[in-house]
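Peer 1: I would like to see how this sequence folds:
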Amino acid sequence: MKQIVITGHGGPEKLVLQDAPDPVPTAGALRIRVNASGVNFADVLARQGLYPDAPKPPCVVGYEVSGIVDAVGAGVSTDWFGKEVFALTRFGGYADAVVAPEAQVFARPAGLSHEQCAAIPVNYLTAWQLLVIMGGLRKGETVLIHNAGGGVGLAAIDVARHIGARSIGTASPGKHAFLKARGLDEAIDYRGKDWSVELARLTDGRGVELVTDPLGGSHWKKSYRALRSTGRLGMFGVSVATESGLFGPLRLLSAAVGMPLFHPVGLMNTNKAVFGVNLGHMWGEVGKLREWMDALLRGVADGWVRPHVDRTFRYDQAGEAHAYLEARKNTGKVVLVP
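Peer 2: Model prediction:
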């Protein structure tokens, strides 16, 4: 098989396409011949040495794939043979052959391409956990979606529309028209102006019930201040760490220094809540993930889950894919294809 290996921590050039033996499915697992692999910002952090959960180099990352089942392990029905599927993987997804536990594999919905299927698992499960499961977003409430043009951002717009909530998103101006066409109610240019001032104008100074924030560092303080009473801050990334001029793990240190400390008394007095989401730490709760995915697959059938692939890159262009994502040029999902 072909796999994309992180040969060491550093820039996109550390991603190298290599040959390896085909994996053999273990008991309870099946092998997928991959047609598309999803790319996530966690993969960029892993390459830079900023993702503690990632294996040490040399390693193969990747959390989601879509393809065709070509082998099964003991205890798995042979009915899977030849079926088109998509799956969650705990690393290893940057390869054209992947073994995944049966519980983490789902049938490809009719009408979706393999590239679109590879855009569902991480982005939509994260958005569902942020807005529905932990954020408790309700019809008529307002959510502020930071990085609204990213994969999770687009998924969050879909979920907010489905709930009947008002959505406000921060994004660069070139993405605003597309985001509004997708259903975002209000777009804020976070580069050309202070987004908090614009948010106050759009909410008559009240703030919002929910903020989803993948940026981290001191940005979480600002997002917390944007909450109205009963507001919730959902934190799910520390992407600002990649912007530091420091080297390696010191980048995380610079982001950590600016992070807020939320005191229980302060939370009580302001009637606000904070929570964190890390889908990569949900492997012990696969039953929950399947329940959430069932709801999302019903959304696919009903037409409100609309995975959008911004651009595909060949496996031998993996470095370019990472650079594209890191520069925040994408609007939606970036996908690798063999």
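Peer 1: and the top strand by length along the chain, what does it pack onto?
Peer 2: In the chain, with assignment by DSSP state E, the single longest strand is strand 29-39. Judged by 3 or more Cβ pairs under 8 Å, 6 or more residues apart in numbering; DSSP states H and E, the packing partners of strand 29-39 are strand 64-72, strand 97-101, helix 114-117, helix 121-128, helix 318-326, strand 333-337. No exception for glycine: its C-beta is placed from N, CA and C like everyone else's.
Peer 1: buried set for it?
Peer 2: Within strand 29-39, the residues that count as buried by 16 or more other Cβ atoms under 10 Å are Ala29, Leu30, Arg31, Ile32, Arg33, Val34, Asn35, Ala36, Ser37, Gly38, Val39.
Peer 1: what is the residue nearest to the last one when sequence neighbours are not counted paired to in the beta sheet?
Peer 2: Read it as Val39. Closest residue to Val39 apart from its sequence neighbours, by Cβ to Cβ, 6 or more residues apart in numbering: Val334 at 4.3 Å. Under DSSP bridges, the beta-bridge partners of Val334 are Val39, Arg311.
Peer 1: Val334 touches Ala323, doesn't it?
Peer 2: No. Contact criterion Cβ atoms under 8 Å: Val334 and Ala323 do not qualify, at 10.4 Å.
Peer 1: In the stretch 101-250 of the chain, what residue spans correspond to helices?
Peer 2: Using DSSP state H, counting those that start in this stretch, the helices found in the stretch 101-250 of the chain span residues 114-117, 121-128, 151-163, 176-182, 195-202, 219-225, 250-257.
Peer 1: Dump these into a markdown table; add mean neighbour count as well.
Peer 2: Compiled in a markdown table, the helices of the stretch 101-250 of the chain are given as follows (neighbours: other Cβ atoms under 10 Å):
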| stretch | mean neighbour count |
| --- | --- |
| helix 114-117 | 23 |
| helix 121-128 | 26 |
| helix 151-163 | 25 |
| helix 176-182 | 16 |
| helix 195-202 | 16 |
| helix 219-225 | 20 |
| helix 250-257 | 16 |
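Peer 1: And those helices: which comes nearest Ala318?
Peer 2: Of all the helices of the stretch 101-250 of the chain, helix 114-117 sits nearest to Ala318, with 15.3 Å by Cβ to Cβ.
Peer 1: average pLDDT for that closest one?
Peer 2: In this model, helix 114-117 has a mean pLDDT of 98.
Peer 1: How far off centre is it?
Peer 2: 15 Å (Cα atoms, centre = their mean, to the nearest Å).
Peer 1: which residues touch that helix?
Peer 2: With Cβ atoms under 8 Å, 6 or more residues apart in numbering as the test, helix 114-117 has contacts from 35-36, 66-67, 84, 86, 108-109, 307-309, 312, 335, 337.
Peer 1: picking up where we left off before, what angle do the longest strand of the chain and strand 64-72 make?
Peer 2: Orientation of strand 29-39 against strand 64-72 (axes from the mean of the first three to the mean of the last three Cα atoms, to 10 degrees) gives an angle of 160 degrees.
Peer 1: hang on, the earlier thing: drop anything exposed from the contacts of helix 114-117.
Peer 2: Burial by neighbour count, judged by 16+ other Cβ under 10 Å, picks out 35-36, 66-67, 84, 86, 108-109, 307-309, 312, 335, 337 from those.
Peer 1: With distance to Gly149 added, can I get those in CSV?
Peer 2: Below are the buried ones among the contacts of helix 114-117 laid out as CSV (distance: Cβ to Cβ, whole Å):
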residue, distance to Gly149
Asn35, 25
Ala36, 21
Ser66, 23
Gly67, 27
Glu84, 29
Phe86, 23
Arg108, 26
Pro109, 24
Pro307, 14
His308, 10
Val309, 14
Thr312, 17
Val335, 16
Val337, 22
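Peer 1: possible to save the residues you listed as TSV with distance to Asp294 and pLDDT?
Peer 2: Converted to TSV, the buried ones among the contacts of helix 114-117 look like this (distance: Cβ to Cβ, whole Å; pLDDT from 0 to 100):
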residue	distance to Asp294	pLDDT
Asn35	23	98
Ala36	22	98
Ser66	18	98
Gly67	21	98
Glu84	18	98
Phe86	14	98
Arg108	15	98
Pro109	12	97
Pro307	16	98
His308	22	98
Val309	23	98
Thr312	27	98
Val335	23	98
Val337	27	98
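Peer 1: Measure how far the longest strand of the chain is from the centre of its chain, please.
Peer 2: That offset, for strand 29-39, works out to 17 Å (Cα atoms, centre = their mean).
Peer 1: tilt between it and helix 318-326?
Peer 2: 60 degrees.
Peer 1: Tell me the spacing between the closest residue to Asn330 other than its chain neighbours and Gly38.
Peer 2: Once flanking residues are discounted, Asn330 sits nearest to Asp310: 4.4 Å by Cβ to Cβ, 6+ apart. In this structure, Asp310 and Gly38 are 12 Å apart, going by Cβ to Cβ, to the nearest Å.
Peer 1: which residues are in contact with both of those two?
Peer 2: Common neighbours of Asp310 and Gly38 (Cβ under 8 Å, 6+ apart) are Lys333, Val334.
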